[in-house]
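Chemist: could you work out the structure for the sequence below:
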Amino acid sequence: MSLEKDDVEKIAHLARLSIDDADVPGYVENLSNILRLVEQMAGVDTDDVVPMAHPIEASQRLREDEVTEVDQRERFQRLAPAVENGLYLVPKVIE
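Modeler: Take a look at the predicted model:
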């Protein structure tokens, strides 16, 4: 599929883009090349191709979900400038 100058100008208008008249031929050529590539890709037989999530078959190495640090919540709240009902109080930043 090839685009014409009028097609590119209409597309630019619909997209609310301003294109200089001198640049239109370049856009015509580039967009036509993209559409030809899409047509070529659409023509490829992919019936026997299995979809894959990643090109390399790999499994995720997971560690055990276990606590590795001691709970220091009370200590940190004692150091905080203002705490109420276990929550940190901060100055209001939105007026």
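Chemist: can you pull out the strands in the chain?
Modeler: 83-84, 87-88 (DSSP state E).
Chemist: save the ones you listed as JSON lines, and put in mean pLDDT too.
Modeler: Below are the strands of the chain laid out as JSON lines (pLDDT from 0 to 100):
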{"stretch": "strand 83-84", "mean pLDDT": "94"}
{"stretch": "strand 87-88", "mean pLDDT": "94"}
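Chemist: next, the buried residues of the longest helix along the chain.
Modeler: Longest helix of the chain, by residue count under DSSP state H: helix 24-42. Residues of helix 24-42 classed as buried by neighbour count (16 or more other CB atoms under 10 Å): Val24, Tyr27, Val28, Leu31, Ser32. Glycine gets a C-beta too; all of them are placed from N, C-alpha and C.
Chemist: hmm, back to that, for Thr46, find the nearest of the strands of the chain.
Modeler: strand 87-88 (54.5 Å; CB to CB).
Chemist: that closest one: how far from the chain's middle?
Modeler: Averaging C-alpha positions (CA atoms, centre = their mean, to the nearest Å) puts strand 87-88 34 Å from its chain's average.
Chemist: where does pLDDT dip in the chain?
Modeler: Applying pLDDT under 70 to the chain picks out no residues at all.
Chemist: report the central residue of it.
Modeler: Of all residues in the chain, the one closest to the mean position by CA atoms, centre = their mean is Ala53, 16.6 Å from it.
Chemist: hey, C-alpha coordinates of the longest helix of the chain in CSV?
Modeler: Extracted in CSV, the C-alpha atoms of helix 24-42 (Å, rounded to 0.1, in the frame of the first residue of the first chain):
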residue,chain,number,x,y,z
VAL,A,24,5.4,15.9,3.0
PRO,A,25,7.3,13.9,0.3
GLY,A,26,9.6,12.4,3.0
TYR,A,27,6.6,11.5,5.2
VAL,A,28,4.9,9.9,2.2
GLU,A,29,7.9,7.7,1.5
ASN,A,30,8.5,6.8,5.2
LEU,A,31,4.9,6.0,5.9
SER,A,32,4.5,4.0,2.7
ASN,A,33,7.6,2.0,3.6
ILE,A,34,6.1,1.2,7.0
LEU,A,35,2.8,0.1,5.5
ARG,A,36,4.6,-2.1,3.0
LEU,A,37,6.6,-3.7,5.9
VAL,A,38,3.3,-4.4,7.8
GLU,A,39,1.8,-6.0,4.6
GLN,A,40,4.9,-8.1,4.2
MET,A,41,4.7,-9.2,7.9
ALA,A,42,1.0,-10.0,7.6
